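Q: What follows is a predicted protein model with its sequence.
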Amino acid sequence: MDGTDVASVLYLALLGAALLFWYFTHHRANLGKTVQQAAAWVFIFIGVIAVVGLWEDIRGTVSPSSSMVVTEESIRVPRGPDGHYYLRLLVNDTPVEFLVDTGASQVVLTNGDARRIGVDLDNLNFFGRAMTANGEVRIAPVELDTITLGEFEDRGVTAWVNEGQMDRSLLGMTYLNRWASVSIADGALVLTR
């Protein structure tokens, strides 16, 4: 904080103290009741802050999302609260959270996910180009040893590492085409082998 901010905070603190002093001197006959009311408002304020801060946890407890259902020949994935489908796959035996993107032709890894599965980013050749909603980005190919989803394991899947910033890795059609059927039924993504 600079000098102006300190002066503003000091001024507001002095003004608040003066208002409190005035209020308590004019209501000293009912001071006990005033303190009770002030405490009630403080607890209400703290409660509102707690509810706002913990809203996602509360929503998950009150309305828990269903989990992925795996059978011998299919996997059923519930739609996320934001309308997208997410899958946690084991890539080279490391869990990676993917956004299922049927509009993406490739499997695209974030820098962080690529590093976690053992890709040496310093030795990648970012010669490829991809068009995204945010414009053109440079990408580098990598071959993934294994991708495991439930009981289903695939080997030798080509993926691309995005040189730019991404929130989450994308599970595109090069992986989804390995399934016999990809469909959406009753709000769930169904992958069938």
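A: Noted; the coordinates are in hand. Numbers count the residues shown, from 1 in each chain.

Q: alpha carbons only for contacts and neighbour counts from here, please
A: Noted.

Q: Need the pLDDT of Thr132.
A: As summarised for this prediction, Thr132 has a pLDDT of 73.

Q: Following the chain onward from the helix or strand of the chain with the lowest mean pLDDT, which element is next?
A: Sorting the helices and strands of the chain by mean pLDDT, DSSP states H and E puts helix 55-62 at the bottom, at a mean of 66. Downstream of helix 55-62, the first helix or strand assigned by DSSP states H and E is strand 69-70.

Q: Return the distance of the residue nearest to Glu143 when sequence neighbours are not counted relative to Leu124.
A: Nearest residue to Glu143 in three dimensions, chain neighbours excluded: Thr158, at 4.5 Å (Cα to Cα, 6 or more residues apart in numbering). Here Thr158 is placed at a distance of 14 Å from Leu124 (Cα to Cα, to the nearest Å).

Q: who touches both of the two?
A: Common neighbours of Thr158 and Leu124 (criterion: Cα atoms under 8 Å, 6 or more residues apart in numbering): Pro141.

Q: The residue nearest to Glu143 - how many residues pack around it?
A: Look at Thr158: counted by other Cα atoms under 10 Å, it has 15 neighbours.

Q: That one: which element?
A: Secondary structure from DSSP H and E places Thr158 in strand 152-162.

Q: just Arg138 next, same as before
A: Assessed by DSSP H and E, Arg138 sits inside strand 135-149.

Q: one step back: which other helices and strands contact the following helix or strand past the strand holding Thr158?
A: The helix or strand immediately downstream of strand 152-162 is strand 169-171, counting by DSSP H and E. Under the contact definition 3 or more Cα pairs under 8 Å, 6 or more residues apart in numbering; DSSP states H and E, strand 169-171 sits against strand 94-100, strand 107-109.

Q: Give me the contact list for whichever helix or strand comes after strand 169-171.
A: Sequence-wise, the next helix or strand beyond strand 169-171 is helix 173-176, with elements assigned using DSSP H and E. For helix 173-176, contacts defined as Cα under 8 Å, 6+ apart pick out 101-107, 157-158, 182.

Q: Let me know the closest of those to Gly135.
A: Taking Cα to Cα as the measure, Gly135 lies nearest Ala104 of the contacts of helix 173-176, at 14.2 Å.

Q: and the nearest residue to that closest one once chain neighbours are set aside, how far is that from Ser183?
A: If the residues on either side of it in the chain are set aside, Ala104 comes closest to Gly172, at 4.6 Å by Cα to Cα, 6+ apart. Computed as Cα to Cα, the Gly172 to Ser183 distance reads 14 Å.

Q: out of those two, which sits in the more crowded spot?
A: A direct count of neighbours by other Cα under 10 Å for Gly172 and Ser183 places Gly172 higher, at 20 against 10.

Q: so how far is Thr158 from the more buried one?
A: As judged by Cα to Cα, Gly172 and Thr158 stand 11 Å apart.
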